[in-house]
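Visitor: Need the 3D shape of this:
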Amino acid sequence: MASRNFFKTVRVTILLVVLFFVGMNSWLTQLRTTDWDDTLWVAVYPINGDGSPATQTYIDRLSRASFESVETFLSTESQRYGVSVSTPVTLRLAPQINDKPPAPPANAGTLSIMLWSLKLRYWAYRNDSFDGPQPDVQMYVVYHDPNLSNRVAHSLGLQKGMIGVVNAFAAADLTERNNVVIAHEFLHTVGASDKYDMANNMPIFPDGYAEPQRSPRFPQTHAEVMGGRVPVSELNATMPKSLRLCRIGDATAREIRWLE
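Guide: Numbers count the residues shown, from 1 in each chain. Sure, this is the predicted structure:
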């Protein structure tokens, strides 16, 4: 019994030491990448999430232009906040990845989440197919055929490790809606927090509103990108069809160091 407890303590200690050094490296990386003195390089890695031929056809047709609206959105919004670099983010399309990222743990305990985070970072290291400069942020986009499923798993963006996993639909008419999710998860990687109620997905007033001072308050015309939806009434909100209907609010701008 004492021997088992000893080895358990050793394993936990080693894990904590690894997490400390990983955390320090992540902290230094975050400081460097959010000073916004230089353009951040973001690599987008497509993955066929359901193995369907339709999904593969969609992936085969992807190009850098498929994600151009993300660059345009971030550039336009950064200029509103007086960011010095004219192009804060450049996206590049990496070759397709065949391996799927590890799923988040069903058990939301602290230790299991830490282990999964390390596993995801190691998986991303092993699945970096980008042929170019080392990207600052890695966005893995897992595509699904909407004719096979009309719902996908929750997407996520990790500030520690600067990795995003986006679950998206493989349909041309949903490309721009996918880009809303990509922009949302990218902003997580540079420090932005969610600004919607997890229980009902409604944007939280005022930080989750693009136009909190609007009078009358409803309907709003744009979504705060971290709020995720356009509030049209007290109880209803719609998913924006494109980033043209999104804004970055002051609270998000402060979190990503665009605003003091």
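Visitor: how near is Gly228 to Ala183?
Guide: 11 Å (C-beta to C-beta, to the nearest Å). The C-beta positions use only the backbone N, C-alpha and C, and glycine is treated the same way.
Visitor: Between those two, which is the more surrounded one?
Guide: Neighbours per residue (other C-beta atoms under 10 Å) separate Gly228 from Ala183, with Ala183 holding more: 24 against 21.
Visitor: ranges for the helices of the stretch 51-200 of the chain?
Guide: Secondary structure of the stretch 51-200 of the chain, counting by DSSP state H, counting those that start in this stretch: helices at 53-60, 68-80, 110-126, 175-189.
Visitor: With distance to Ser155 as extra columns, can I get the ones you listed in JSON lines?
Guide: JSON lines is the format used below for the helices of the stretch 51-200 of the chain (distance: least, C-beta to C-beta, whole Å):
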{"stretch": "helix 53-60", "distance to Ser155": "17"}
{"stretch": "helix 68-80", "distance to Ser155": "14"}
{"stretch": "helix 110-126", "distance to Ser155": "13"}
{"stretch": "helix 175-189", "distance to Ser155": "5"}
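Visitor: Include distance to Pro146 and mean pLDDT when you put those into JSON lines, please.
Guide: Shown next, in JSON lines, are these (distance: least, C-beta to C-beta, whole Å; pLDDT from 0 to 100):
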{"stretch": "helix 53-60", "distance to Pro146": "9", "mean pLDDT": "98"}
{"stretch": "helix 68-80", "distance to Pro146": "20", "mean pLDDT": "98"}
{"stretch": "helix 110-126", "distance to Pro146": "26", "mean pLDDT": "91"}
{"stretch": "helix 175-189", "distance to Pro146": "11", "mean pLDDT": "98"}
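Visitor: Give me whichever of these is most buried.
Guide: Comparing those by mean neighbour count (mean count of other C-beta atoms under 10 Å), helix 175-189 ranks first with a mean of 22.
Visitor: chain center to that helix: distance?
Guide: Remark: helix 175-189 is offset 6 Å from the chain centroid, using C-alpha atoms, centre = their mean, to the nearest Å.
Visitor: The nearest residue to Tyr81 once chain neighbours are set aside: which element?
Guide: In this structure, Tyr81 finds its nearest non-sequential neighbour in Trp258, 4.2 Å apart by C-beta to C-beta, 6 or more residues apart in numbering. For Trp258, there is no host helix or strand (DSSP states H and E).
Visitor: List the buried residues for stretch 234-241?
Guide: 237, 240 (16 or more other C-beta atoms under 10 Å).
Visitor: Ends of it, what's the gap?
Guide: With C-alpha to C-alpha, to the nearest Å as the measure, stretch 234-241 spans 20 Å from end to end.
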